[in-house]
Structures are given as C-alpha cells and as structure tokens.
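# Quick one: sequence plus predicted model below, questions after.
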Amino acid sequence: MEHTIQINTAIPIEKLGILLSPTKLEFENYGVLNPGIFQEGQDVHIFYRAVEDGNFSTIGYAKSKGPETIVERLEHPIIYRDLDTEKHGVEDARIVKIEDTFYLTYTAYDGANALGAVATSKDMKHFEKKGIITPPINYMEYKFHLEHCNQDKLNPKYYHYYNLFAEIGVVAEKHRLLRDKDVVLFPRKINNKFVMLHRIWPGIQILRFEKWENLTKDFWVDYIRNLTDHILIDPCYDFEVNYLGAGCPPIETEDGWLMIYHGVCETTIGKTYHAAAALLDINDPSKVIGRLPYPLFSPSEDWELKGVVNHVVFPTGTALFGDDLHIYYGAADKHIAVAKVSLKRLLGELKKTVKS
C-alpha cells in the first residue's frame, strides 16, 4: 500500500491507501465500502458493504492481521438480503460487542426507504436479524409530530425531506417512511442502558434505552415531539454545513468518548464528504465537550476523488495499535481505505476546543 501524508490545520494524518477493492465476484463487482470494524488484539474483522451491478448490497467479510494485512476474505456475503425491508440493500454496517453479544447495525434499503436495523451474533459468523429499529412513521406523521417540538431550537432543515417529497408529490405516500441512517451503538452500556447514535437529517441524535423492545412507535412519536432534546450535534462549520452522519462506534478514552463522524458540504463540484471528530462526556455522552472546527481529513487522493460517488471519505470503523488510531473508511463509494492518526495528538487538539 502506497503511503502519502496529508496535513490538516493541526493534526498529521497518514493515508495508508486502499485496503479492499471490488473483485470479479458478482456480489462485489461494483463497489466495496463503508466497513464495520471489530478489533480482537492483532486481528481486525471487516464487515464491509459489497455492491453488485444494479446497486444491490450485501455485507462481505474480510480479516486483517494488524491494521493492513488481509489474511482472509470470503467469496460470498456473510449477511444477505433476506427481508422485504432490505430487498435492495443491506448497507453500511457498524459492529460492537456489548457484554457477550455482537451487535451489527446497518441500513436496510428496499429501494425507497432507508431505515436502521440490527442483527446479533455470538461468534461474528452467524447473525440473527432483529428487524427495523428506527421510527416506523411516514413523512406526514413526522411533520405533525415535529411541529410539537421547540421550533425556536430546531434547525429548519429537519423539514427538508418532507418539503422535498411534498414538492415532487409523494409526501402523502404512507409507505414512504422517515429516512434514518448511520445507526451506531456505543460499545458498552452506560447506566445499564444501550446508547445509540443515529441520523435524522441533517444532524446526529442520541438516545438511551434498556431493551430493544422499548423502541416502539409510541416511543418514537414521543422522541420526535421532543427531538431538540435528543440532537447531539447539528451542522456548524463550513465543511459540514449541509448535513452530518454518525461514523465509527465511539472510542472510550480517559478524556471522554471520541466520536468520529462525517460532515458534508455542497461545493461547485458537488457534495464533498469529510471525516470529522468530536469529544463527548464520558458519563453523559449527550454532552459535547470538544469538536474540531475543521475536518480531520478530506478527499485528496485519486481513490477518494473519483469513483462511484466522487469526493467522499466516509469513516465507519477504527482499530487501535499502540497510539496509532487506524480509521477505516469508504473512499468514493468504491474502495475501502485506511488513514492513521495519533490518538494522543487528536485528543490533545480536541481538548483545546473544550469550553471552560
């Protein structure tokens, strides 16, 4: 892998290059991207989105020894499209282990709806799908409930998709459900509750719950009626002015939870996806205590600038070797690449942004 150095405002980023690319196998002949990562010592388990011609996605699997040496790669998906809610795609996995269970969250795409879902496993080989976990409400319902929350605190962009679908005449379609993607779990319970990030456009929200069964329609109705209480971060800086999305499972450090996410801005050349970073309170991760005012890294290499979707870096997983934090990301929706940063240096810069 060819190494190049990219320097942002303050934090050296070493881009290690492409780790995985499409193959001639039918299930991954169009793109491999946006991998869920789970690290076990020197082993890095990679659950990646595999795309075939026609934009149909499954989850593939590979394993590396150390951060970059691929030692295993399945020639078939590890997770298939089994359900009607995912007949077009099982996309963009993230994976954590909580207690004795692996939780793999992903986007279920049926060709119209993009919804968050979860599957569980005891061995990272056999997964049991638990179904959709994001709000089962359409856009008419969403608008009705959203109007009950604090409008003075609400970014008007939360009405964007309702307005867009109303403009093209499909907002009244009851089967068209609220888009909710980038579902990411914290790697342990906090105060005996699961903690989850998700993305109702354009920001990142956070919720806590004791049991998956609690995520009922009534739960989500109340949640949306109080949505401003659950927004973790909204677009703030120029590089992320359009929208955000949760990226990697948060990393527990002595300084707080390190959250690596993506931010998107519209430019004269189209949308550009950047990697970004924030720091959350270790005991109450709904409190943002630090946030970089610039991208952690941005598209700059050929494999990030040109692909299925140009100008994209989309971080979804990490592995830590000593002080070297390896960030795995989708590059231009075609490849999986790796960037390396000093964890100490990154945390140091984030702590400079903490408001006293």
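Perfect, I can see it now.

# Could you pull out the strands in the stretch 101-250 of the chain for me?
Secondary structure of the stretch 101-250 of the chain by DSSP state E, counting those that start in this stretch: the strands cover 101-109, 114-121, 128-132, 181-185, 194-199, 204-209, 231-233, 243-246.

# Which among those is found nearest to residue 172?
Checking the strands of the stretch 101-250 of the chain against residue 172 by C-beta to C-beta gives strand 114-121 as the closest, at 19.2 Å. (C-beta placed from N, C-alpha, C; glycine too.)

# which residues are contacting that closest one?
Outside strand 114-121, the residues within contact range by C-beta atoms under 8 Å, 6 or more residues apart in numbering are 79, 85-86, 91, 101-109, 127-134, 177, 179-183, 198, 212.

# ok, of those residues, which come out buried?
Among these, those scoring as buried are 79, 85-86, 91, 102-109, 127, 129, 132-134, 177, 179-183, 198 (criterion: 16 or more other C-beta atoms under 10 Å).

# Please spell out the segments of the chain that come in under the pLDDT threshold.
1-9, 356 (pLDDT under 70).

# Please name the residues that touch the residue nearest in space to the middle of it.
Among the residues of the chain, the one closest to the centroid is residue 247, at 3.4 Å (C-alpha atoms, centre = their mean). Taking C-beta under 8 Å, 6+ apart as the definition of contact, the neighbours of residue 247 are 182, 184, 259-262, 275, 314-316.

# Same check on residue 229?
Residue 229 is in contact with residue 149, counting by C-beta under 8 Å, 6+ apart.

# list the contacts for residue 111?
With contact set as C-beta under 8 Å, 6+ apart, residue 111 has these partners: 87-88.

# Can you give me the separation between it and residue 283?
As judged by C-beta to C-beta, to the nearest Å, residue 111 and residue 283 stand 42 Å apart.

# just residue 354 next, same as before
From residue 354 across to residue 283, the span is 15 Å (C-beta to C-beta).

# Looking at these two, which one has more neighbours?
residue 354 (13 against 10; other C-beta atoms under 10 Å).

# from memory residue 343 sits against residue 326, does it?
No. In this structure residue 343 lies outside contact range of residue 326 using C-beta atoms under 8 Å: 10.1 Å.

# out of these two, which sits in the busier spot?
Under the neighbour definition other C-beta under 10 Å, residue 343 and residue 326 were set side by side, and residue 326 has more, 23 against 18.

# Distance check, the more buried one against residue 307.
Looking at residue 326 against residue 307, where the rule is C-beta to C-beta, the gap reads 21 Å.

# what sits in contact with each of residue 343 and residue 326?
Common neighbours of residue 343 and residue 326, counting by C-beta under 8 Å, 6+ apart, are residue 320.

# need the strands for the stretch 251-356 of the chain, in chain order.
Listed in chain order, the strands found in the stretch 251-356 of the chain under DSSP E, counting those that start in this stretch are 251-253, 256-267, 270-280, 288-291, 313-321, 324-331, 335-342.

# wait, which of those is closest to residue 47?
Ranking these by their distance to residue 47 (criterion: C-beta to C-beta) puts strand 313-321 first, at 8.4 Å.

# so the closest one versus strand 270-280, what angle?
Here strand 313-321 runs at 40 degrees with respect to strand 270-280, directions being taken by axes from the mean of the first three to the mean of the last three C-alpha atoms, to 10 degrees.

# List the buried residues in strand 313-321.
Applying a neighbour-count criterion of 16+ other C-beta under 10 Å, one finds 313-319 buried in strand 313-321.

# again with stretch 64-81
Within stretch 64-81, the residues that count as buried by 16+ other C-beta under 10 Å are 64, 67, 73, 77-79, 81.
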